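*Asks:* Predicted model follows, preceded by the sequence.
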Amino acid sequence: MNLLTHSLHPLFDSLPTETQQSLQEHVHPMQLQPGELLFAANTPATLFAIIHTGHVRIELPYQDQKVVIQTIGPGEAIGWSWMEPPYQWQFSAQAVDAVSGIWFDADWLRRQCEKDRILHMAVLHLLLQTVSERLTATRLRLLDCYK
């Protein structure tokens, strides 16, 4: 099965054929049940994922509670903490409903980005977009807290 053709993300469309083939050889399917954690804050950041179906809630643990920052869904990328040291998740991510998607091993993807400038720029573009969306969601959430 060609997982990348079902990625629902245009990032892969513009990459050279050999880069797409390399990604295809290293992509992993992802299935999460409702309530299952994709990753937890303050643990090693080991993956980069794209959601195909379902929704994932991004949460910030605070004292004895979880502050919901954003809920993401089909076609959206999740996981950017793997790109820069200290390679630890800043947030937790939990499935809201049944989730399917794909993921890449962070160490492998970092090494590929170091070797392949086109891939590196595509990933950076996607991660910048993702970080920008998270920052906007966080700002909006903070405004809600102070109303």
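*Replies:* Perfect, thanks for sending it.
*Asks:* wait, F104 sits on E25?
*Replies:* No: under the contact definition of CB atoms under 8 Å, F104 does not touch E25, with a separation of 10.8 Å. Any C-beta I mention is one placed from the backbone N, CA and C, and that applies to glycine too.
*Asks:* Between the two, point out the one with more neighbours.
*Replies:* Remark: of F104 and E25, F104 carries more neighbours, 21 against 7, as counted by other CB atoms under 10 Å.
*Asks:* Around L119, count how many other residues there are.
*Replies:* As a burial measure, the neighbour count of L119 was computed by other CB under 10 Å and equals 20.
*Asks:* For it, list the residues it contacts.
*Replies:* Contacts for L119 were tallied using CB atoms under 8 Å, 6 or more residues apart in numbering; they are 15, 19, 23, 112-113.
*Asks:* pLDDT, secondary structure and distance to P29 for these - can I get that in TSV?
*Replies:* Listed next are the contacts of L119 as TSV, based on pLDDT from 0 to 100; DSSP: H, G, I helix; E, B strand; the rest coil; distance: CB to CB, whole Å:
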residue	pLDDT	secondary structure	distance to P29
L15	84	coil	20
T19	87	helix	20
L23	88	helix	14
Q112	94	helix	19
C113	93	helix	22
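*Asks:* Show the buried residues in those residues.
*Replies:* Buried by 16 or more other CB atoms under 10 Å: 15, 19, 23, 112-113, out of the contacts of L119.
*Asks:* Would you mind listing the residues in contact with the residue most central in space within the chain?
*Replies:* Closest to where the C-alpha atoms of the chain average out (CA atoms, centre = their mean) is I78, at 1.5 Å. If a contact means CB under 8 Å, 6+ apart, then I78 has 38, 48-51, 56, 58, 72, 93, 130 as its contacts.
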